[in-house]
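Chemist: sequence first, then the predicted structure:
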Amino acid sequence: MTDIKDIEQRAKDMIEQCQRRKVQRENAEGVDRIFREPKRKIAKEQAKRENAERERQELENRWSPYLEKAMRRYGAEFEGVLKE
């Protein structure tokens with residue numbers, strides 16, 4: 001008889017332990033959602049903005065020499081038209 005009561009008690013203890021772990025895991029997930037997710041989202045948005053700014057700057061730098069060359073080539077022609 002004592003063996004059955006001992007087994008039942010250990011089973012109850014294991015069930016309680018599993019329930020406590022489940023609650024702890026749910027609490028940890030709730031904390032992640034509340035505190036860590038917004039920070040990750042903000043960091044991701046900031047990285048996205050920085051990438052967009054870097055790409056815009058690269059495009060601007062890439063086309064700048066072509067634009068400058070075209071302005072030099074056609075600048076003399078336009079100056080003559082504007083003076084008349």
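Modeler: The structure has been received and is ready for your questions. Only a predicted model underlies this, so the values are computations on that prediction, with no experimental measurement involved.

Chemist: going forward, measure contacts between C-alpha atoms and count neighbours the same way
Modeler: Will do.

Chemist: can you pull the pLDDT of Phe78?
Modeler: Phe78 carries a pLDDT value of 57.

Chemist: and what of Cys18?
Modeler: pLDDT recorded at Cys18 is 93.

Chemist: do you know how far it is from Gly30?
Modeler: Between Cys18 and Gly30 the computed distance is 18 Å (CA to CA, to the nearest Å).

Chemist: what does Ala11 give?
Modeler: 29 Å.

Chemist: can you check Arg36 too?
Modeler: Arg36 is 10 Å from Gly30, by CA to CA.

Chemist: same check on Ile7?
Modeler: 34 Å.

Chemist: before we move on, what about Ala43?
Modeler: According to CA to CA, Ala43 stands 20 Å off from Gly30.

Chemist: ditto for Glu45
Modeler: Remark: distance between Glu45 and Gly30 (CA to CA) = 22 Å.

Chemist: check Lys69 too.
Modeler: Remark: distance between Lys69 and Gly30 (CA to CA) = 59 Å.

Chemist: show me where the chain has its helices.
Modeler: With DSSP state H applied, the chain shows helices at 2-31, 37-83, listed in chain order.

Chemist: with mean neighbour count added, can I get those in a markdown table?
Modeler: What follows is the helices of the chain, written out as a markdown table (neighbours: other CA atoms under 10 Å):
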| stretch | mean neighbour count |
| --- | --- |
| helix 2-31 | 12 |
| helix 37-83 | 11 |
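
Chemist: rank those helices by mean pLDDT and give me the bottom one.
Modeler: Averaging pLDDT over each of the helices of the chain puts helix 37-83 lowest, since it has a mean of 76.

Chemist: now Arg10: how far from Ile4?
Modeler: Arg10 is 10 Å from Ile4, by CA to CA.

Chemist: and what of Lys69?
Modeler: Separation of Lys69 from Ile4 (CA to CA) stands at 93 Å.
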